[in-house]
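Engineer: sharing a sequence plus its predicted fold:
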Amino acid sequence: MKKQYTALLAAFAITICMGAAMLLVSGNALVNRNGIPVADSPAAATATAQAKTAEQAQIQQLQSLVTEYQTREVKYQAELKSAGQDLDRANNQMRQYQMLLLALQNRGYISIDPSGRILIQ
């Protein structure tokens with residue numbers, strides 16, 4: 001029987017400690033001035049409206065930034081495509097010069113020495 005009384009006493013002690021902790025937390029919440037206002041209060045409604053307006057302004061600003069970045073991306077892609085086309089034209093022109101030099105060299109009109117100088121014959 002003594003063990004039952006000890007267990008019962010321990011259970012009451014734990015219950016009292018938990019109840020006291022709950023009372024302390026709720027008491028602290030009641031007297032805390034820095035807490036969040038109740039949702040039904042006019043101050044909370046104004047603060048909520050201001051927060052929503054600020055959020056909407058921030059969303060609008062971010063959307064305009066996204067649009068601006070998308071416009072820039074399209075512009076940069078067009079510039080990249082144009083630069084690629086210019087590079088292709090330059091490569092084609094260089095191949096034509098190489099073919100011309102090779103043809104002139106094969107016919108014996110020019111010779112190219114190891115240092116890269118072109119000699120006209």
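Structural biologist: Thanks, I have it.

Engineer: list the buried residues in the helix or strand encompassing Ala13.
Structural biologist: Here Ala13 sits within helix 2-31, counting by DSSP states H and E. Neighbour counts over helix 2-31 (16 or more other C-beta atoms under 10 Å) mark no residue as buried. In short, each C-beta sits where N, CA and C put it, glycine included.

Engineer: what is the mean pLDDT for that helix?
Structural biologist: Averaged across helix 2-31, pLDDT comes to 90.

Engineer: quick check, distance from it to the centre of its chain.
Structural biologist: Distance of helix 2-31 from the chain centroid (C-alpha atoms, centre = their mean, to the nearest Å) equals 49 Å.

Engineer: following that helix, which helix or strand comes up?
Structural biologist: As assigned by DSSP H and E, the chain's next helix or strand after helix 2-31 is helix 42-107.

Engineer: now for that following helix, which elements pack on it?
Structural biologist: Helix 42-107 sits against strand 110-112, with contacts defined as 3 or more C-beta pairs under 8 Å, 6 or more residues apart in numbering; DSSP states H and E.

Engineer: what lines up beside the strand it packs on in the sheet?
Structural biologist: Partner strands and pairing direction for strand 110-112 (DSSP bridges) are strand 118-120 (antiparallel).

Engineer: now the partner strand: how far from the chain's centre is it?
Structural biologist: On the basis of C-alpha atoms, centre = their mean, strand 118-120 sits 59 Å off its chain's mean C-alpha point.

Engineer: avg pLDDT for that strand?
Structural biologist: Summarised as a single mean, pLDDT over strand 118-120 is 86.

Engineer: sorry, back to before: which elements pack onto the helix holding Ala13?
Structural biologist: Of the remaining helices and strands, none touches helix 2-31 by 3+ C-beta pairs under 8 Å, 6+ apart.

Engineer: quick check: which element contains Ser115?
Structural biologist: Ser115 belongs to no helix or strand, assigned by DSSP H and E.

Engineer: show me what contacts it?
Structural biologist: Taking C-beta atoms under 8 Å, 6 or more residues apart in numbering as the definition of contact, Ser115 has no neighbours.
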